[in-house]
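Trainee: Fold the stuff below for me.
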Amino acid sequence: MAWMLHPRVFLTSHSSAMTLSPPTETTRRRPSARGKKPIFPNLDEVEAHALEATLNEIFGIRSLRAGQREVIESVLNGSDTLAIMPTGAGKSLCYQLPSLRMAGTTVVVSPLISLMRDQVSKLEEAGVAAAEVNSTLGVRREAEVLAQIEAAEHDFVFTTPERLADPAFIETLKRNQVDLFVIDEAHCISQWGHDFRPAYLHLAAAIEALGDPVVLALTATATATVIEDIGRQLKRPELNIVNTGIYRENLHYRVIQTGDEEAKLGEILGIVRSSRGSGIVYGATIKSVEEIHAALEAAGESAACYHGQLGAKERGANQEAFMRGDVRIMVATNAFGMGIDKGDIRFVVHHHIPANLEAYYQESGRAGRDGESADCILLYHYKDKRLQQFFLARHYPSVDDLERVLEAIKGLAAESAVDAETVGTLLQEMPGGKLQVALRLLQDAGNLVQDENLHFRMTATPGSRRAFAEIVAAYEKKADHDREALERMVFYAHTGFCRWRVLLEYFGEEAPWEQCGGCDNCLHPPEQQLTDVAAPAPVESVPEERDISLEPGILVTVPKFGEGQVVSCAGDQVTIIFPDSTERKFLRDYVSPAH
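Mentor: Just a heads-up that it's a prediction; the model follows:
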């Protein structure tokens, strides 16, 4: 069945494209005791009253944030729903509240153990029975939790996507009446998303095995392509889309054009020293994270670091120290931050450009969850693009990989079914993520089917190199998509447009204002401003190398301003200092070497 958007779509505007209202302060208004409007006007009156009582008594909340009502009502009406709400918008309540009005169990899928642990703790504090099942449980504790789940003692079961590929765990869950299946960080489902995780590919099979409960997918960002792919991957023919938009008035975006690594370290030290509160500094490599962390510590700053080569115990301890406020700065790779519920992060600095604007918005959006002012700063050097190009050279399954997987399954169980773990033991040299993608591709090609126990069985469809080549070709489109997304990220770093308008245009939203009034380009615009953010010049036209005539220190002439000296030059922007010590930014074409 071709995937389609359900005609019932909730937006914050009445137009097909998202339109934002002018920046305003959002506050929770207390309804008057007399004649107050119902919080849930689209539900049965008795159910709405009971739901409001639960909201007040269990969660201590008397009013909702934008989008929460629409999501809650959609779920209680039995509609599969995709909620796109920015960080700090209260996505957790969107499944917690309706779940407490449902008879059965809610399964919550999360990619982060720390996040599910935090959610379980908060629910238990509110007197709600919740359990977590993940790799951190000891053998004895896991057995206890599984026995409790089998006895249907929990309202909520939090787990990882990897665990839902385990047939035995699915059998345990099936002893419950699963009414709601929640997928947090749903952008991870989509191969077009910035954080695609192969473990999410088998969620559709898990949902079917659990009796097709109502599905609620949650994410902070999703382009139209990602939205479509989420529906396709989950095999949900109808999704209600609740999209409250990405705009957050309290976030102030800025790009600093820099020179070499030493110059970047200097900028980071300056930002940390001049900023109040806690902050995150992201580096694209483990080496850069360790160098930044060492430099901050040498400067007497309170900092910890987080990356994949640290042991789990050390990573956990560093994260807890940051969350408690024992250390002020976290220096990390992008492995850190998803689901971090720390409201007082006042700044997020990126040492390198991320691979795309989705990743950048997700990571920078971890600042200012409390609604207070926060800075999102990108340090950009023209060579940074090459690092991301290196990362984007990912290896998806090849034709040979697909043939090897199919041959392994044929050898293991020509007439019966086999689970993914067993296939993996035979193909130990193949990374787990690649194996999961290969299994899914073979399903899409009709060579494999997956039963209700999540075992794979061969079909009568013969596998051929030609057919496999056509499947693998789809991932070439993925590579093209990744390259295009990187070009948009580079354009953001170069542009003289309002930063928020560039972000909004990327996500298909519209702003009625020309300038947000808070980003660097609005506060200090280039003297020759561009006019059309929707149709930027091709990023490929931006020079990879600097024009030698505009190197720092060179004297230049600027119409109406006279002669000045180049401070920095990157892409289409040049920063110039004039004899009166003022610095101004100009577009490259507006500047010429002094003679």
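Trainee: from here on, contacts and neighbour counts on C-alpha atoms
Mentor: Noted.
Trainee: Verify the stated contact: V399 with A473.
Mentor: No - applying C-alpha atoms under 8 Å as the test, V399 and A473 come out as separate, 9.6 Å apart.
Trainee: Between the two, tell me which one has more neighbours.
Mentor: When V399 is set against A473 and neighbours are counted by other C-alpha atoms under 10 Å, the residue ahead is V399, at 19 against 13.
Trainee: residues in contact with that one?
Mentor: 465, 468-469, 472 (C-alpha atoms under 8 Å, 6 or more residues apart in numbering).
Trainee: Next step: these restricted to helices.
Mentor: Of the contacts of V399, the ones assigned to helices by DSSP state H are 465, 468-469, 472.
Trainee: export these to TSV and tack on pLDDT?
Mentor: TSV is the format used below for the ones in helices among the contacts of V399 (pLDDT from 0 to 100):
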residue	pLDDT
R465	79
F468	82
A469	82
V472	78
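Trainee: Which single one of those is nearest to K287?
Mentor: V472 (33.1 Å; C-alpha to C-alpha).
Trainee: hmm, back to that, dump the ones in helices among the contacts of V399 into TSV; add neighbour count as well.
Mentor: Shown next, in TSV, are these (neighbours: other C-alpha atoms under 10 Å):
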residue	neighbour count
R465	12
F468	20
A469	14
V472	18
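Trainee: Among those, which one sits closest to N250?
Mentor: V472 (43.4 Å).
Trainee: distance of the nearest residue to I207 once chain neighbours are set aside from K410?
Mentor: What sits nearest to I207 in space, not counting adjacent residues and going by C-alpha to C-alpha, 6 or more residues apart in numbering, is P213, at 6.9 Å. Counting by C-alpha to C-alpha, to the nearest Å, the gap between P213 and K410 amounts to 33 Å.
Trainee: how about the helices in the stretch 101-250 of the chain?
Mentor: Per DSSP state H, counting those that start in this stretch, the stretch 101-250 of the chain carries helices over the ranges 113-125, 139-150, 167-173, 203-209, 224-234.
Trainee: Got the domain ranges for the chain?
Mentor: Residue ranges for the domains of the chain, per automatic domain parsing: 10-243, 251-390+482-524, 399-463, 543-595.
Trainee: tell me the mean pLDDT for the third one?
Mentor: Mean pLDDT, taken over the full extent of domain 399-463, equals 78.
Trainee: ok so C305 is a strand residue?
Mentor: Yes - counting by DSSP: H, G, I helix; E, B strand; the rest coil, C305 is found in a strand.
Trainee: what bridges to it?
Mentor: Bridge pairing for C305 (DSSP bridges) gives the partners V331.
Trainee: and it, what does it touch?
Mentor: By C-alpha under 8 Å, 6+ apart, C305 lies in contact with 289-290, 293, 315, 318, 330-332.
Trainee: Could you say which of these is surrounded by the most neighbours?
Mentor: V331 (28 neighbours).
Trainee: ok, now how distant is that one from E403?
Mentor: 42 Å.
Trainee: count of neighbours near the residue lying closest to P593 once chain neighbours are set aside?
Mentor: Distances taken as C-alpha to C-alpha, 6+ apart place V556 nearest to P593, at 4.2 Å, with adjacent residues excluded. By the criterion of other C-alpha under 10 Å, V556 has 20 neighbours.
Trainee: now I340
Mentor: 16.
Trainee: if I look at it, how far off is Q119?
Mentor: 11 Å.
Trainee: Tell me which residue lies nearest the centroid of the protein.
Mentor: Note on the chain: the residue nearest the mean C-alpha position is Q362, at 4.7 Å, using C-alpha atoms, centre = their mean.
Trainee: so what secondary structure elements neighbour the strand or helix carrying it?
Mentor: Per DSSP states H and E: Q362 is located in helix 357-364. Using 3 or more C-alpha pairs under 8 Å, 6 or more residues apart in numbering; DSSP states H and E as the contact test, the elements touching helix 357-364 are strand 345-350, helix 465-494, helix 499-506.
Trainee: I'd like these written out as CSV, with distance to T106 added.
Mentor: Formatted as CSV, the helices and strands packed on helix 357-364 follow (distance: least, C-alpha to C-alpha, whole Å):
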stretch, distance to T106
strand 345-350, 31
helix 465-494, 33
helix 499-506, 33
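Trainee: Pick out the shakiest of those, pLDDT-wise.
Mentor: Looking at those, the weakest mean confidence is helix 465-494, a mean of 82.
Trainee: Just the angle for it relative to helix 499-506, thanks.
Mentor: Per axes from the mean of the first three to the mean of the last three C-alpha atoms, to 10 degrees, the angle that helix 465-494 makes with helix 499-506 is 160 degrees.
Trainee: Adjust the sequence numbering to begin at 447 for everything that follows.
Mentor: Renumbered: residue one is now 447, and that last one reads helix 911-940.
Trainee: quick one, helix 911-940 and helix 803-810 angle?
Mentor: 60 degrees.
Trainee: ranges for the strands of the stretch 697-846 of the chain?
Mentor: 697-703, 724-728, 749-752, 775-778, 791-796, 820-826 (DSSP state E, counting those that start in this stretch).
Trainee: Helix or strand next in line after the longest strand seen in the chain, which one?
Mentor: Taking DSSP state E as the criterion, the chain has its longest strand at strand 1008-1016. Next along the chain after strand 1008-1016, taking DSSP H and E as the criterion, comes strand 1019-1023.
Trainee: What lies in contact with that next one?
Mentor: Residues contacting strand 1019-1023 (C-alpha under 8 Å, 6+ apart): 940-942, 972, 1010-1015, 1029-1034.
Trainee: residues of the helix or strand just after that strand that come out buried?
Mentor: Sequence order places strand 1029-1033 as the next helix or strand after strand 1019-1023, per DSSP H and E. By 16 or more other C-alpha atoms under 10 Å, the buried positions in strand 1029-1033 come out as 1030-1033.
Trainee: again with stretch 930-950
Mentor: Neighbour-count burial for stretch 930-950 [16+ other C-alpha under 10 Å]: 931-950.
Trainee: Could you list the low-pLDDT ranges of the stretch 447-596 of the chain?
Mentor: 447-482 (pLDDT under 70).
Trainee: Can you tell me the closest non-neighbouring residue to V624?
Mentor: Here the residue nearest V624, using C-alpha to C-alpha, 6+ apart, is T551, at 4.7 Å.
Trainee: And N696, by the same measure?
Mentor: Excluding its sequence neighbours, the residue lying closest to N696 (C-alpha to C-alpha, 6+ apart) is S819, at 4.6 Å.
Trainee: For A709, state which of the contacts of strand 1019-1023 is nearest.
Mentor: Using C-alpha to C-alpha, the contacts of strand 1019-1023 come closest to A709 at S1014, 11.2 Å.
Trainee: Hmm, the closest one is touching E1029, no?
Mentor: No - counting by C-alpha under 8 Å, S1014 does not reach E1029; the two are 10.7 Å apart.
Trainee: Hmm, L950 is touching Y693, no?
Mentor: Yes - contact criterion C-alpha under 8 Å: L950 and Y693 qualify, at 7.5 Å.
Trainee: circling back to that earlier point, from P532, how far off is the residue nearest to N696?
Mentor: 16 Å.
Trainee: for L664, same thing?
Mentor: 10 Å.
Trainee: Same question for E916.
Mentor: 37 Å.
Trainee: Those two - which one has more neighbours?
Mentor: Set E916 next to P532 and count neighbours by other C-alpha under 10 Å: P532 wins out with 22 against 12.
Trainee: Show the contacting residues for the more buried one.
Mentor: 665-667, 690-694, 811.
Trainee: would you list the residues you listed in JSON lines and tack on pLDDT?
Mentor: Formatted as JSON lines, the contacts of P532 follow (pLDDT from 0 to 100):
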{"residue": "T665", "pLDDT": "91"}
{"residue": "A666", "pLDDT": "86"}
{"residue": "T667", "pLDDT": "86"}
{"residue": "T690", "pLDDT": "90"}
{"residue": "G691", "pLDDT": "88"}
{"residue": "I692", "pLDDT": "91"}
{"residue": "Y693", "pLDDT": "92"}
{"residue": "R694", "pLDDT": "92"}
{"residue": "G811", "pLDDT": "92"}
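Trainee: Of those, which is the nearest to P877?
Mentor: Nearest to P877 among the contacts of P532, with distances taken as C-alpha to C-alpha, is T665, at 26.9 Å.
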